[in-house]
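1. What follows is a predicted structure for the sequence shown.
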Amino acid sequence: MTKKFTEEEYQKIADCFDKLNKKYNMGLLASDLVDEVFKKFIRDYEYQLYWQEIVAIMNPITRDEAHEKFVEKEKEYYWRYKKKDEDGDVYYLTKSCGLILPYHPTYGFDWYSFTEKEIIEAGYNPDMFDKEEVE
């Protein structure tokens, strides 16, 4: 059974190893490092079940491959504003000049998909939109 980590969990494991590796400077073989990592993550995961995945994330050589294999990809959606304007038109979210903005599809609309995290970071409330998953 393979564990799928979130992006935040992945980053926490990688940062923890990098910080401890600077302290002990012995790489993955340092028993002190393994003990420290074990103490840090024992509460977060069924640690022993996912040791292989955690070590693959910790190891700088296999980290990128582990990211592809063990990190859950955030789903992307097309976002349509739930309310219509005074003319009954519907607006979608699109990207323009690096910003996420409402856009009317009749004005040369380009389809852009965004994760929920991106929508929140842009200052929007995801509950105000209908979303259609991108396949």
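-> Yep, that arrived. Residues are numbered from 1 along each chain as shown.
2. List the buried residues in the biggest helix by length in the chain.
-> The residue-count maximum for a helix in the chain (DSSP state H) belongs to helix 7-24. Using 16 or more other CB atoms under 10 Å as the test for burial, helix 7-24 gives 9-10, 12-14, 16-17, 20-21. No exception for glycine: its C-beta is placed from N, CA and C like everyone else's.
3. Look up the closest residue to the residue nearest the centre of the chain, ignoring the ones flanking it.
-> In the chain, the residue lying closest to the centroid (CA atoms, centre = their mean) is Glu7, at 4.0 Å. Nearest non-adjacent residue to Glu7, counting by CB to CB, 6 or more residues apart in numbering: Val71, 6.0 Å away.
4. Identify the residues contacting that neighbour.
-> By CB atoms under 8 Å, 6 or more residues apart in numbering, Val71 lies in contact with 4-7, 10.
5. Identify, from those residues, the entry nearest to Gly98.
-> Top of the list for closeness to Gly98, among the contacts of Val71 and by CB to CB, is Glu7 at 21.3 Å.
6. Tyr112: how many residues sit nearby?
-> 18 (other CB atoms under 10 Å).
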